[in-house]
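K.L.:
Just the structure for this:
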Amino acid sequence: MSRRLAVLLAVTLGLTSAVSALTIRLGGAFGTRVLNDAKIRDAYGTGVAYSAGAEFGFGRGWTAGLSFESGRTQTGKLGLSASNAQFGLWGLDFTAGYELRLRKFGFFIRAGYGLYHYRQTVEYEYVQDYKVDALASTLVAIAGLKYYPWNFLYLSAGAKFVPLKVKPYDQTVDLGGWRFAGGLGLAFDF
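P.N.:
Numbers count the residues shown, from 1 in each chain. Coordinates of the predicted model:
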C-alpha cells in the first residue's frame, strides 16, 4: 500500500512539475452518505458526510488529488435485544481524473484508491462490548459539476461511489455506497 502511494505521489509531482500551467484547488463539501448494507442502514439511517481536499490541475484539464471524508458517529439499536450501538466511517482518497471546463462550468470525473477506517461498538447488557475497528481499501469513482462565478472561487455538486465490502468477523458487510454532496472551494492558477 505505501509503495502504491509513493508511486502515485511521484507520478503526480513529476507530471505537475513538467507542465507550466498548474492549478491548485482547495475545497470542502457537505452531504449525505447512503450505505449499501440494509441492516446497517436500518440501524443507523442515512449518515452525514463531509470532506475536504486538495486537487492539482495540470495541462488541459487533467487532475490529481487527495481528499479526506468523514461524518458524525451514528448511533442506533442492533439485534433482538435492541442494544445500543455506534458506527463511524472515515476515509482518505487518492484520485486522478479530468475536468472539462466550459466557460464558468466544469464537468469532472475522477477515479482512484481509497483507504477507509470503520468502527462499530455494540453495548450488550451481559457481555463485554462487541467492537469492530479496522481498515479496508477499495477503488472510488467521483463525478460532478463545478460552477466558477469567479476564476478563484467555485461551487460544486457531485456524487461518489465507494464499493467497500468488509469481513470483520464471519460475515461480509457492504459498507460501500453513494455519497452526494455540495460544496465550495478556492482555485489558484500558477
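
K.L.:
so how far is Asp170 from the nearest residue to Asn84 once chain neighbours are set aside?
P.N.:
Nearest non-adjacent residue to Asn84, counting by CB to CB, 6 or more residues apart in numbering: Glu123, 4.5 Å away. Placement of C-beta: from N, CA and C, glycine included. Remark: distance between Glu123 and Asp170 (CB to CB, to the nearest Å) = 21 Å.

K.L.:
more crowded one of these two?
P.N.:
Glu123 (13 against 5; other CB atoms under 10 Å).

K.L.:
and the residue of the chain most remote from its centre, which of the three is it?
P.N.:
In the chain, the residue that sits farthest from the middle, by CA atoms, centre = their mean, is Tyr126; the gap is 36.8 Å. Look at Tyr126: counting by DSSP: H, G, I helix; E, B strand; the rest coil, its state is coil.

K.L.:
repeat for Arg41
P.N.:
helix.

K.L.:
Count the residues that sit near it.
P.N.:
Arg41 has 16 nearby residues by other CB under 10 Å.

K.L.:
who are the neighbours in contact with the most centrally placed residue in the chain?
P.N.:
Computing the C-alpha centroid of the chain and ranking residues by CA atoms, centre = their mean puts Glu69 first, at 4.6 Å. Glu69 is in contact with Ala49, Tyr50, Ser51, Trp90, Gly91, Leu92, Asp93, Arg179, counting by CB atoms under 8 Å, 6 or more residues apart in numbering.

K.L.:
Please name the bridge partners of it.
P.N.:
As for beta bridges, Glu69 partners with Ser51, Gly91 under DSSP bridges.

K.L.:
now swap in Tyr118 and tell me
P.N.:
What pairs with Tyr118, by the bridge criterion (DSSP bridges), is Leu89, Ala134.

K.L.:
so where do the strands sit in the chain?
P.N.:
22-35, 47-58, 62-70, 74-78, 83-102, 105-123, 130-150, 153-162, 165-166, 173-174, 177-189 (DSSP state E).

K.L.:
so where's the chain uncertain?
P.N.:
Scanning the chain for pLDDT under 70 picks out the ranges 1-2, 5-20, 127-130.

K.L.:
coming back round to it: go ahead and confirm the residue nearest to Asn84 touches Ala82.
P.N.:
No. In this structure Glu123 lies outside contact range of Ala82 using CB atoms under 8 Å: 10.9 Å.

K.L.:
Make JSON lines from the strands of the chain and add distance to Arg41 to it.
P.N.:
As requested, the strands of the chain are exported to JSON lines (distance: least, CB to CB, whole Å):
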{"stretch": "strand 22-35", "distance to Arg41": "5"}
{"stretch": "strand 47-58", "distance to Arg41": "9"}
{"stretch": "strand 62-70", "distance to Arg41": "18"}
{"stretch": "strand 74-78", "distance to Arg41": "10"}
{"stretch": "strand 83-102", "distance to Arg41": "10"}
{"stretch": "strand 105-123", "distance to Arg41": "13"}
{"stretch": "strand 130-150", "distance to Arg41": "16"}
{"stretch": "strand 153-162", "distance to Arg41": "14"}
{"stretch": "strand 165-166", "distance to Arg41": "15"}
{"stretch": "strand 173-174", "distance to Arg41": "10"}
{"stretch": "strand 177-189", "distance to Arg41": "8"}
